[in-house]
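Enquirer: Model the following, please.
(chains A and B)
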Amino acid sequence: GAVVSQHPSRVICKSGTSVKIECRSLDFQATTMFWYRQFPKQSLMLMATSNEGSKATYEQGVEKDKFLINHASLTLSTLTVTSAHPEDSSFYICSARAELRADYGYTFGSGTRLTVV
Amino acid sequence: AQTVTQSQPEMSVQEAETVTLSCTYDTSESDYYLFWYKQPPSRQMILVIRQEAYKQQNATENRFSVNFQKAAKSFSLKISDSQLGDAAMYFCASNQGGKLIFGQGTELSVKP
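Expert: Got it, this is the predicted structure:
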C-alpha cells in the first residue's frame, strides 16, 4: 500500500533557529501534498497545499514567510519553520495524494513533534 | 465556509458493545468523499472507512459501518463488538476542493 515517510519524528530546537521537516512518498508519486498542524486534543488544521513544481497555497491565517513549503519532486515535500518561537511548538503532519487515484486516497506521515525552547 | 462538525467530544463504550459516532458536514460540491480516521496515542492517522457521496449504499468494513444520509448531510460511524484497541480519537473528514477537512474529533474510550 501507499506509504509516506515523515522525518524527524521529534525535534527540539532553540528559539530563533529554523527547522526542516521532510515528507516522502515511498511507493507512489504524490502530485499533491498537504501540511497540517495539530495541538493536543484538537483536530488537524490544514496549513497549506503544495503541488509538485509550483508554489504552495496557504490557508488563511498561516504565515507564508514563517512556514516555507517546498515540493520540488513528486516524492518529496519539505516544511521549514523559520525563526521558530515557543508558540510554534506543535505536532505537524503531512499527507500525500496521488492524482491518478480515483478513490481520493490520502496517505499520512507519522507526524513530527516540534518543541521550541 | 465548508465545514465538518463532530458534536461529541468524548464517547465511552463497554467492550463488545456497539457505539455510534456522529458527524455532519456542509459542502457545495456535488461529488465528494467522506472519511472516518482513527488516531491512536501514537498519533498515526489510520483510515477506518470511506464513503463516496454518489453511492447510496452505506460503506462497511468488518466491524465498522456508516450511516450516510446525504440530504441531511450526516455521516455517522457505527463500531460493533467494540474492542479495547478501538480506543482512540476519531475524526470525520470530507474532501473539499481536493483538500481534506476534518471535524473536531471524538475521543472514544472502551471499558473492559
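
Enquirer: For chain B, what's its nearest residue on chain A.
Expert: Scanning chain A for the residue nearest chain B gives A:F108, at 3.9 Å (criterion: Cβ to the nearest Cβ). Placement of C-beta: from N, CA and C, glycine included.

Enquirer: how close does the closest residue to B:F64 other than its chain neighbours sit to B:D86?
Expert: Nearest residue to B:F64 in three dimensions, chain neighbours excluded: B:I49, at 5.1 Å (Cβ to Cβ, 6 or more residues apart in numbering or on different chains). Separation of B:I49 from B:D86 (Cβ to Cβ, to the nearest Å): 13 Å.

Enquirer: List the beta-bridge partners for the residue of chain A closest to chain B.
Expert: A:S95 (DSSP bridges).

Enquirer: residue ranges of the helices in chain B, please?
Expert: Ranges of helices within chain B: none, based on DSSP state H.

Enquirer: how about the residues of it near chain A?
Expert: Chain B has residues B:33, B:35, B:42-45, B:47, B:50, B:91, B:95, B:98-105, B:107 near chain A, with proximity defined as Cβ under 8 Å from any Cβ of the partner chain.

Enquirer: In strands only, show me those.
Expert: Filtering these for membership in strands, criterion DSSP state E, returns B:33, B:35, B:47, B:50, B:91, B:95, B:99-102, B:107.

Enquirer: May I ask which of those residues has the most neighbours?
Expert: Neighbours here are counted as other Cβ atoms under 10 Å in any protein chain shown. On that basis the top member of these is B:F35, with 26 neighbours.

Enquirer: Give the closest residue to that residue in space, chain neighbours not counted.
Expert: The spatial neighbour of B:F35 that comes closest, neighbours along the chain excluded (Cβ to Cβ, 6+ apart), is B:A93 at 4.4 Å.

Enquirer: Now do the strands in chain A.
Expert: Along chain A, counting by DSSP E, strands occupy A:4-7, A:10-13, A:19-25, A:32-38, A:44-51, A:57-58, A:67-73, A:76-81, A:90-97, A:106-108, A:112-116.

Enquirer: which other helices and strands contact the last one?
Expert: The contact analysis (3 or more Cβ pairs under 8 Å, 6 or more residues apart in numbering or on different chains; DSSP states H and E) places strand A:112-116 against strand A:10-13, strand A:19-25, strand A:90-97.

Enquirer: Next, count neighbours for the residue nearest to B:F35.
Expert: Counted with other Cβ under 10 Å, the neighbours of B:A93 add up to 25.

Enquirer: Which strand residues bridge it?
Expert: Beta-bridge partners of B:A93, counted by DSSP bridges, are B:F35, B:F102.

Enquirer: Could I get the contacting residues of it?
Expert: By Cβ atoms under 8 Å, 6 or more residues apart in numbering or on different chains, the contact set of B:A93 is B:4, B:34-37, B:100-103.

Enquirer: per-residue pLDDT, it?
Expert: The predicted structure scores B:A93 at 95 on the pLDDT scale.

Enquirer: B:K38 now?
Expert: Model confidence at B:K38, expressed as pLDDT, equals 97.
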